[in-house]
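>>> based on what follows, work out the 3D shape:
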Amino acid sequence: MALSMHRQSKQQAMDSKYVRYTPEQVEALERVYAECPKPSSLKRQQLIRECPILGNIEPKQIKVWFQNRRCREKQRKEASRLQSVNRKLTAMNKLLMEENDRLQKQVSQLVYDNGYVRQQLHTVSTTTTDTSCESVVLSDQLQQKNPTSQHPHRDANSPAGLLAIAEKTLAEFLGKATGTAVDWVQMIGMKPGPDSIGIVAVSRNTKGVAARACNLVSLEPMKVVEVLKDRMSWFVDCRCHDVASSIPTGNGGTIELVYMQMYAPTTLASPRDFWMLRYSTSLDDGSLVVCERSLTSSTGGPTGPLNGCFVRAEMLPSGFLVRPCEGGGSVIHIVDHMDFDASTVPEVLRPLYESSKILAQKMTMMALRHLRHIALESSGDIQRNGNCQPAVLRALSHRLCRGFNDAINGFVNDGWSIIGNDGVEDVTIAINASLNRARSSCYNNISMPTKVGVLCARASMLLQNIAPALIIRFLREHRSEWADYGIDVYCAASVKGSPYAIPCTKSGAFPSNQVVMPLAQNVDHEECLDVIRLGGHAFSPEDISLRDVYLLQLCSGFDEMDSGSCSQLVFAPMDESFGDEASLLPSGFRVIPLESKSTGPVITRTLDLTSALDVGAHPANQDHASNQDLRSVLTIAFQFAFENQYRDSVAAMARQYVRNIVGSVQRVAMAIATSPLGSHSIPKTLPGSPEAVTLTQWICRSYRMHMGAELLPGKSMSEDAIVKHLWKHSDAIMCCSAKMNASAVFTFANQAGLDMLETTLVSLQDIMLEKILDDTGRKILLAEFPKIMQQGFGYLPAGVCVSSMGRPVSYEQAIAWKVLNDVESDHCLAFMFMNWSFL
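Residues are numbered from 1 along each chain as shown. Just a heads-up that it's a prediction; the model follows:
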């Protein structure tokens, strides 16, 4: 009887289009969904066998339930995302309305000033000898300019005097942040939006350099204030930021006396320091304000410490205003206004200290990016890379930058001293035998013998007619063109605490293969952290065993669309444990633009110099002309550990090594600057591969021919538009050689494909097709391969593959098709993985 009822209920379930699940069944399915949102057919059958309460449901219905559950989850996330975007857009709209009001006030002020000037010109033409009225006007103007003259003198060193300075600083800062105290000009490309970095403007016709930014951040106001006040956590050009004293005020605020030091960006200039008053308070509307200014003889106040190695710069009223936003988050206004005293640097370098745009990129926008990263980390929107927390990766990035800055500046109080040269002053050699760990950040965790010191070889040179991002990209992607593997081995051995006498400078003595492993990339894709593995090295001439050498490498400013920004490539040997407190001895390159007469963005081009002369007829003449008259300063600093008895030998090696690098960079810069390189956005990945435009056309045309449908939306698009759409396609598209054996490697991938494989275009060719597929995927592909080669295309069912970092990736379906060239012969095999996601 029971068996008959069970069969009857099962038959009803099969005949019914919809299945009504009991709460117990839903609970069992939800438990499985929490562990595996996309179970395989075998997993679903196993689920039915192991859960008796699901026995009356067919596997197909179980599959439909999981599909619907994933759909509901996707809809819920999308609804939550849209609500968040709506809140951001509402707050951004309010911010833009306030910005519009400020601009209207500025226009009204300009109209008033224009009328006043016209009236004065008319008055001059009818001037009389009666000056009594003029004296009254002048007296009134002087009183307006110096209102404190009517009040009794107040001791500026007392708490009341400091509060008076603080209140005046607050008023001037608010005038810059929300008023028209400074003539602001919006930077090109800084478009407002919920995911933009903000509205950024720079000053015009004002003392010093100034930048202003406003944006919405998904952090509470108190958290924003806490993050920005900790300048050492986000401003990598800040060497120290010490609070000398703190005084509470009667209105609930705080006055602090702060001493700050900033690194010099190049060896040709001196570092700067500031002695400032910082005032933290709240306004009547609940907004939080932190403003600061330098204490000078004109402002009054206590005298700060003096350091002969630094040039005293002036911080004009600056700070940030944070207002709570409806629905959560904060609206922030940041103003940075400084006078770096550019007269103390060589004339060719003065644009570094007279450019408000450089200040905006290095300081103001850096603060906004840091807040955005903190907000994304707090919400969990940034995915972890392996076992590395985002905060750990950010700390490694900051240690690399500060260690490189320490090497460039070589402060005496860190233990650095200059040694004599060999008669030519192109390369400066500095040594640090004391390894002062109290101040310098790059030696904090180095455990070396007591007789070991650090030597730094530094050089600077002027580059012309080449974009900084382009030269940095070449140095990053073509390390073999300038690096010496023997030197890399020596530096790696030094970090391990066992440097041998004199480094071997013959690269052929230690054969190596280079593998680039992406570690992290920030949300703006303007900075990336990689691990470079150099395989097959001996750590000493007597060591017959071959070991791998690891370099931690930071590259920033490599996007040519961000014209005018600083670009740098910094790396350091690292132990294979990759510990949070690993020893770092950074070396590298920094290129800073001095001036740019180009008003448009620089178009990206290929870096394959061997084929630069036969690229063909591409519309690159305008791009080539836009690089004319570009000037930038390149700074090189390489650090080496040495044993005291071999100091002179290591110094001679380091000097010659840096000279060789300078020569290589000069040859590369000249070749790039004088070659009309192609203007395509995807660099060539393998010798003999077609240009990006041609390859894109082959991929799309072959897809249309085999599948009978268009791969990209639209029919009539320009060549650049085709490349752009394929590059930004939501599905992972990649190409590999058209042969199914161990040598079938990837030759191209769009941005989604690189994200799926967790790699870069540089290291893509090191990934084999068989390595990313699991056993089931390889068997299916081998079975389908003859069919694909015969009819031109094939479908692969849902499955799981593995990224280059070892993470499993699921996909709903994959399409494979042959890519034919212009003569209808097989060029490569293309794959498109649809709806992929990390498990």
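
>>> can we go C-alpha only for contacts and neighbour counts from here?
Will do.

>>> please state the backbone phi and psi of the nearest residue to M517 once chain neighbours are set aside?
What sits nearest to M517 in space, not counting adjacent residues and going by Cα to Cα, 6 or more residues apart in numbering, is V531, at 5.0 Å. Backbone torsions for V531, taken as degrees, to the nearest 10, come to phi -120, psi 120.

>>> regarding P593, what is its secondary structure?
The three-state assignment at P593 reads strand, by DSSP: H, G, I helix; E, B strand; the rest coil.

>>> what residues are up against the residue nearest to M517?
Listed by Cα atoms under 8 Å, 6 or more residues apart in numbering, the contact partners of V531 are V516, M517, P518, L519, Y550, L551, L552, Q553.

>>> and for A459?
T267, D426, V427, T428, T635, I636, A637, V658.

>>> excluding sequence neighbours, find me the nearest residue to the fifth one.
The spatially closest residue to T635, leaving aside those adjacent along the chain, is S460, at 4.4 Å (Cα to Cα, 6+ apart).

>>> could you confirm that neighbour falls within a strand?
Yes. Assigned with three-state DSSP, S460 falls within a strand.

>>> where is the longest helix in this structure?
Across the chain, the longest stretch assigned as helix under DSSP state H is helix 59-125.

>>> tell me which strands and helices it is in contact with?
In terms of contacts (3 or more Cα pairs under 8 Å, 6 or more residues apart in numbering; DSSP states H and E), helix 59-125 is packed against helix 41-50, strand 209-217.

>>> by how many degrees do the first one and helix 59-125 diverge?
Angle between the axes of helix 41-50 and helix 59-125 is 120 degrees (criterion: axes from the mean of the first three to the mean of the last three Cα atoms, to 10 degrees).

>>> can you offset everything so residue one is 465?
Got it, the first residue is 465 from now on, which makes the last one we talked about helix 505-514.

>>> and helix 505-514, what other elements does it pack with?
The contact analysis (3+ Cα pairs under 8 Å, 6+ apart) places helix 505-514 against helix 523-589.

>>> try 6 Å this time
Here helix 505-514 touches no other helix or strand, going by 3 or more Cα pairs under 6 Å, 6 or more residues apart in numbering; DSSP states H and E.

>>> mind saving the C-alpha coords of it as PDB?
The C-alpha trace of helix 505-514 is given here as PDB (Å, rounded to 0.1, in the frame of the first residue of the first chain):
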ATOM      1  CA  SER A 505      24.400  15.900 -12.300                       C
ATOM      2  CA  LEU A 506      26.200  13.300 -10.200                       C
ATOM      3  CA  LYS A 507      25.900  15.500  -7.100                       C
ATOM      4  CA  ARG A 508      22.200  16.000  -7.600                       C
ATOM      5  CA  GLN A 509      21.600  12.200  -8.000                       C
ATOM      6  CA  GLN A 510      23.700  11.600  -4.900                       C
ATOM      7  CA  LEU A 511      21.600  14.200  -3.000                       C
ATOM      8  CA  ILE A 512      18.400  12.400  -3.900                       C
ATOM      9  CA  ARG A 513      19.800   9.100  -2.700                       C
ATOM     10  CA  GLU A 514      21.100  10.500   0.600                       C
END
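
>>> point out where the stretch 1015-1164 of the chain drops to low pLDDT.
Within the stretch 1015-1164 of the chain, the ranges that satisfy pLDDT under 70 run 1024-1028, 1040-1046, 1059-1093, 1137-1155.

>>> which stretches of it form helices?
Here the stretch 1015-1164 of the chain has its helices, by DSSP state H, counting those that start in this stretch, at 1085-1090, 1111-1138, 1156-1171.

>>> redo those as JSON lines? Include distance to C1030.
Compiled in JSON lines, the helices of the stretch 1015-1164 of the chain are given as follows (distance: least, Cα to Cα, whole Å):
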{"stretch": "helix 1085-1090", "distance to C1030": "18"}
{"stretch": "helix 1111-1138", "distance to C1030": "17"}
{"stretch": "helix 1156-1171", "distance to C1030": "27"}
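
>>> quick one: which of those helices is nearest K821?
Of all the helices of the stretch 1015-1164 of the chain, helix 1085-1090 sits nearest to K821, with 18.8 Å by Cα to Cα.

>>> ok, what's across the strand from the spatially most central residue of the chain?
Closest to where the C-alpha atoms of the chain average out (Cα atoms, centre = their mean) is E991, at 2.7 Å. Note on E991: beta-bridge partners S1020, judged by DSSP bridges.
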